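> sequence first, predicted model second:
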Amino acid sequence: MSPTPPPSKLGSLEYAPAPESRSSATIAAHYGLFINGSFREASSGQNFASINPATEEALSTISQANSADVDAAVVSARKAYDSVWSKMPGAERGKYLYRIARIIQERSRELAVVETLDNGKPIRESRDVDVPTAAAHFFYYAGWADKLEHAGFGPRPQPLGVAGQIIPWNFPLLMAAWKLAPALATGNTCVLKPAETTSLSAMVLAEILQQADLPPGVVNIITGDGSTGAALVAHPDVDKIAFTGSTEVGRQIQRSLATTTKHLTLELGGKGANIVFDDAPLDETVEGIIDGIFFNQGHVCCAGSRLLVQESIADDLLTRLLRRVDQLRVGDPMDKNTDVGAINSAEQLERIRVLANAGDEEGATRYTSSCELPKKGYWFAPTVFSNVAQTHRIAREEIFGPVLSVLTFRTPEEAIVKANNTTYGLACGVWSEKGSRTLWAAQRLRAGVVWANTYNRFDPTSPFGGVRESGFGREGGRHGLEGYLDV
Amino acid sequence: MSNNRVAVMKTYKLLIGGEFVRSESGRSYEVQGADGAFIANVAQGSRKDVRDAVVAARAAQSRWQNATAYNRGQVLYRLGEMAESRRDELVNQVIAAEGLSATDADSTVSASIDLIIYYAGWSDKVAQVLGGSNPVAGPFFNFSVPAPTGVIGVVAPTESSLLGFVQTVLPPLCSGNTVVVVASEDRPIPGLLLGEMSATADFPGGVLNIVSGRLDEVAPTLASHEDVDGLDLTGASPEQAGEWATAAAESIKRVFVHHAGDESLSSLRRLRAFIETATVWHTIGQ
């Protein structure tokens, strides 16, 4: 397979910069912990900086919660559960969620700007995906709050109590919505811990909860590093832990809760196979492969990071794919034309480099987009490895970056065997014009989500979550209620 | 019959991959009844037997999953037929194992058979009750179907030798999982007898595997086995459950721990414990 794409006729097109204005968002110089309905300083007085990964500028300082702060948040959540939230009729709970959904919509531009500055993702994605989908999640679950007896979990499903929720940095606001909306709709109160590098949109969300007049303590947001999350997991008065993050940390959490009665759902890593059969519509497929691996810089647990192509079309597809990769616009996340933004942190950038270097060392063929990278900030050019073997680290380990590994197969059976040859099982893609083949493949793939002739689609009505070492439990849809009910 | 006739003694064997085997370790142990009297020798399974059983369960899993739900229901119903036709044998073994009165043992056997029939009827309804279509905002047909978790390890209840066995083993089987069950250490025979019945109920080999023996020897292997996807710890003590659930975390197994009320059939808790929701998005277009 050739590592050099032929030039594209579109290659010479230039775009003028189209930067989104920063003025629609005001980021405070400092954010405290959101406990019992108001902001307060960490008991230790310690803070950490939140960095714009595209420029390395400090955006704000954030309070570092320790175990005393975690305890205060859990006490507040318990009090709100006992005195207010568990007694409130579902219809009333739902109205608070509707309010939150509406205010997110009303402050959507501000949220998109904050998210892009803090996370490094393109404004096009935070504007068109993260923020509207977050609002949609609250809107969807709002409607469940007074219909739980119809959800298929028995006549009077009960909430669990206080939910501790730990979310990752790749979709900060959206993951907060995925966690909070079903928990609140079912009558639980929450202590939410955002990721250390991306706390800012959660702080804006805290303001939104105040605007919505949500009773104090129903949602508490505690910022900090891994030690804050560990304190939340260990707190004896937490009834449920919902964690989204790496399989390694998920394993530690499952282990630490094994001797307790706490409920647990885990949404962990993945190594999604994107399978292209020889009858796939190639131009659409190329777009889908691009969405599958370069959406959100590949910082996506369900990313289609292993491309499995039927051998007879592999050369043709790879040529088209590399040509398309070369056209991706990489750079300023605030530019509305940008396709691929900044890597979220220096630490993640290093991990991507290590794994990509392993691809070279193990004999895969690297193609790097010819894009220019900004001088400051954390960047990694879109990269495609071909001639990848199943034993290579880049075919087995989650890279969580804009790096695609291309493998080939001859028969549909071989495609399934290779796709399932992983300890993960989060998501897969299938590209074919033949419906019977697509459904045949979907039945055999060990994955919680299968996208057929599309990739990386999310919707509040659609259950999301993995099998095997990608975790257990579902978020979204009717199924997403189960993790917050004692059923 | 002459009083001088010497009875034929039966040794109960492990069920692995559709075959009845003595333990590869060459060991057996004596099982006593509730009254302390000797009942029978039972094969004492080893860690290797557990691993063999997991291999057999894995090999059988995709065929069992991809059998039609109707077919799985028929096979499980056939087990109910077998149990009904040999119910006297089951009653006698439950009396011996648990020390129940004949009336109580008869009720237990009836309840066990009825529960087999109950789950036989679930196999082709799970997808409709637990799955469905999802109205996503876009040109996609999106549907969720329940899929079996895979290979499930079950630590069968120690006290309830037949009903407890059925309560834990049938739910994962009916949704397309294959099972490796560690029988009650002190009361293994009713479960092993049901295993014998499964062999004449058209169970494909490897769908149901039973290992009897010392719980503390064999269960940890099942709990930590990388190719076991889920673990039902109903028969474990709280200390054992904690230890084995910790081992299960290494490969992110789904772990079911018994709570009061779990046997309420309306909650479907046991059925849902080893079911994964698989969601498919398909584009809609001309």
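It's in.
> for A:Ser432, see how far away A:Asp279 is.
Relative to A:Ser432, A:Asp279 is positioned 6 Å away (CB to CB, to the nearest Å). The C-beta positions use only the backbone N, C-alpha and C, and glycine is treated the same way.
> A:Val450 belongs to a strand?
Yes - membership of A:Val450 in a strand is supported by DSSP: H, G, I helix; E, B strand; the rest coil.
> gap between it and chain B?
Using CB to the nearest CB, to the nearest Å, A:Val450 is found at 5 Å from chain B.
> does that residue touch A:Gly429 like I think?
Yes - using CB atoms under 8 Å, A:Val450 makes contact with A:Gly429 at a distance of 7.4 Å.
> pick out whichever of the two has more residues nearby.
Neighbours were counted for A:Val450 and for A:Gly429 using other CB atoms under 10 Å in any protein chain shown; A:Gly429 has more, 32 against 23.
> which SS state does that one fall under?
strand.
> now do the phi/psi pair for the spatially closest residue to it that is not a sequence neighbour.
Distances taken as CB to CB, 6 or more residues apart in numbering or on different chains put A:Asn274 closest to A:Gly429, at 3.9 Å, once the chain neighbours are dropped. As for A:Asn274, its main-chain torsions (degrees, to the nearest 10) stand at phi -110, psi 110.
> so, in contact with chain B or not, the host helix or strand of A:Glu92?
Element membership for A:Glu92, per DSSP states H and E: helix A:90-106. No - using CB under 8 Å from any CB of the partner chain, helix A:90-106 stays clear of chain B, coming no nearer than 13.9 Å.
> and that helix, what does it pack onto?
helix A:131-142, helix A:172-185, helix A:200-211 (3 or more CB pairs under 8 Å, 6 or more residues apart in numbering or on different chains; DSSP states H and E).
> higher neighbour count, A:Asp279 and A:Ser432?
Between A:Asp279 and A:Ser432, counted using other CB under 10 Å, the more crowded position is A:Ser432 (23 against 13).
> per-residue confidence at that one?
What the model reports as pLDDT for A:Ser432 is 98.
> quick one: contacts for it?
A:Ser432 makes contact with A:Phe277, A:Asp279, A:Ala280, A:Thr438, A:Ala441, A:Ala452, A:Asn453, according to CB atoms under 8 Å, 6 or more residues apart in numbering or on different chains.
> and for B:Leu115?
With CB under 8 Å, 6+ apart, B:Leu115 has these contacts: B:Leu163, B:Val166, B:Gln167, B:Leu170.
> give me the pLDDT for it.
Reported pLDDT at B:Leu115 in the predicted model: 97.
> tell me the secondary structure at the closest residue to A:Ala206 other than its chain neighbours.
Distances taken as CB to CB, 6+ apart place A:Phe34 nearest to A:Ala206, at 3.9 Å, with adjacent residues excluded. Classification of A:Phe34 using three-state DSSP returns strand.
> touching, A:Asn456 and A:Cys302? I think so.
Yes - with contact defined as CB under 8 Å, A:Asn456 reaches A:Cys302; the gap is 6.9 Å.
> comparing these two, which shows the higher neighbour count?
Between A:Asn456 and A:Cys302, counted using other CB under 10 Å, A:Cys302 has the larger neighbour count: 28 against 23.
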